[in-house]
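Asks: can't give you the sequence, but here's the structure:
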């Protein structure tokens with residue numbers, strides 16, 4: 001959407017011609033690369049451009065998609081779910097403005113979008129083991145133009161740790177609550193906050209946690225109003241949804 005607005009502003013200012021505008025708009029809404037079909041109109045439809053999911057793709061495929069995105073005018077690019085080795089291979093194929101965050105397993109090209117939301121997103125974890133998922137959520141939200149407050153290792157096993165951050169919790173526009181084990185954090189935060197709470201179950205826990213299923217079911221059965229739930233370990237989905245809420249007028 002922002003690219004179209006810039007295009008129209010340039011046309012209004014007389015720096016590009018009507019034919020150039022029509023040529024841009026006539027382009028196919030996707031680029032067929034054989035192994036991938038790049039959705040070049042997603043930003044126009046949804047307000048945010050396509051994000052590259054790195055898992056299952058080769059470094060060469062990821063680099064190829066990045067180059068196609070750049071050719072279509074996308075300056076800010078997010079790549080999720082990449083391990084350190086693949087990220088290093090991708091970096092070799094690109095020119096500049098590439099930064100990999102190992103803790104979140106994602107890379108940002110061209111930097112984050114400018115912060116254009118007034119509120120902030122609070123990302124809270126029950127334990128330190130949940131931080132990788134939390135960082136995926138936080139980095140995603142920051143990439144999409146949000147301020148993020150991190151509150152880590154504040155689970156219900158030591159409730160005083162969470163209550164020590166009550167001001168940040170009450171002041172947030174939206175909260176992402178991330179927990180494994182029994183997933184109780186989401187209900188507790190939901191009972192304290194006046195904003196939407198997005199719960200993220202993680203696969204952290206012992207045998208009966210069933211790799212996050214226990215936390216998922218607990219969060220879905222939360223008695224606290226205003227709690228929604230995304231998939232197990234889906235930090236990206238939570239960060240994206242939180243950004244949408246934070247950008248609402």
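Replies: Here it is on my side, so go on. Just so it is clear, the structure is predicted and the values come from calculations on it, not from any experiment.
Asks: Pull the number of nearby residues for residue 161.
Replies: 15 (other C-beta atoms under 10 Å). C-betas here are computed from N, CA, C, even on glycine.
Asks: Just the pLDDT for it.
Replies: Among the per-residue scores, residue 161 shows a pLDDT of 92.
Asks: And residue 2, by the same measure?
Replies: At residue 2, pLDDT is 47.
Asks: so where do the helices sit in the chain?
Replies: 2-13, 18-26, 42-46, 59-71, 84-93, 131-143, 159-163, 166-171, 185-192, 213-220, 235-246 (DSSP state H).
Asks: What mean pLDDT does the second one get?
Replies: In this model, helix 18-26 has an average pLDDT of 75.
Asks: Surely residue 174 touches residue 119?
Replies: Yes: contact status for residue 174 versus residue 119: in contact at 7.4 Å, counting by C-beta atoms under 8 Å.
Asks: Poorly predicted segments of the protein, please.
Replies: 1-3, 25-28, 33, 37-38, 41, 43-44, 46, 95, 249 (pLDDT under 70).
Asks: Chain neighbours aside, what residue packs nearest to the spatially most central residue of it?
Replies: Centroid-nearest residue in the chain, with C-alpha atoms, centre = their mean: residue 140, separated by 2.8 Å. Distances taken as C-beta to C-beta, 6 or more residues apart in numbering place residue 239 nearest to residue 140, at 3.1 Å, with adjacent residues excluded.
Asks: The one you found and residue 135 touch, don't they?
Replies: No: using C-beta under 8 Å, residue 239 is not in contact with residue 135, being 9.7 Å away.
Asks: more crowded one of those two?
Replies: Each of residue 239 and residue 135 has its neighbours counted (other C-beta under 10 Å); residue 239 has more, 33 against 23.
Asks: From residue 123, how far out is the more buried one?
Replies: 8 Å (C-beta to C-beta, to the nearest Å).
Asks: which residues are common contacts for those two?
Replies: Shared contacts of residue 239 and residue 123, defined by C-beta atoms under 8 Å, 6 or more residues apart in numbering, are found at 137, 138, 141, 176.
Asks: which one among these gets closest to residue 203?
Replies: Closest approach to residue 203 among those (C-beta to C-beta): residue 137, at 14.9 Å.
Asks: Run through the residues that contact that closest one.
Replies: 123, 176, 178, 200, 235, 236, 238, 239, 242.
Asks: same question, residue 120
Replies: Contacts of residue 120 (C-beta under 8 Å, 6+ apart): 146, 147, 148, 149, 171, 172, 173, 246.
Asks: Quick check, the last one in contact with residue 176.
Replies: No: taking C-beta under 8 Å as the definition, residue 246 is not a contact partner of residue 176, at 10.8 Å.
Asks: still on that earlier bit, so for residue 111, which of the helices of the chain sits nearest?
Replies: helix 131-143 (8.6 Å).
Asks: distance of the closest residue to residue 74 other than its chain neighbours from residue 77?
Replies: Nearest residue to residue 74 in three dimensions, chain neighbours excluded: residue 49, at 5.2 Å (C-beta to C-beta, 6+ apart). Note on residue 49: its distance to residue 77, by C-beta to C-beta, is 8 Å.
Asks: More neighbours: those two, which one.
Replies: More crowded of residue 49 and residue 77, by other C-beta under 10 Å: residue 49, with 25 against 22.
Asks: mind listing what that one touches?
Replies: By C-beta under 8 Å, 6+ apart, the neighbours of residue 49 are 42, 43, 69, 74, 76, 77.
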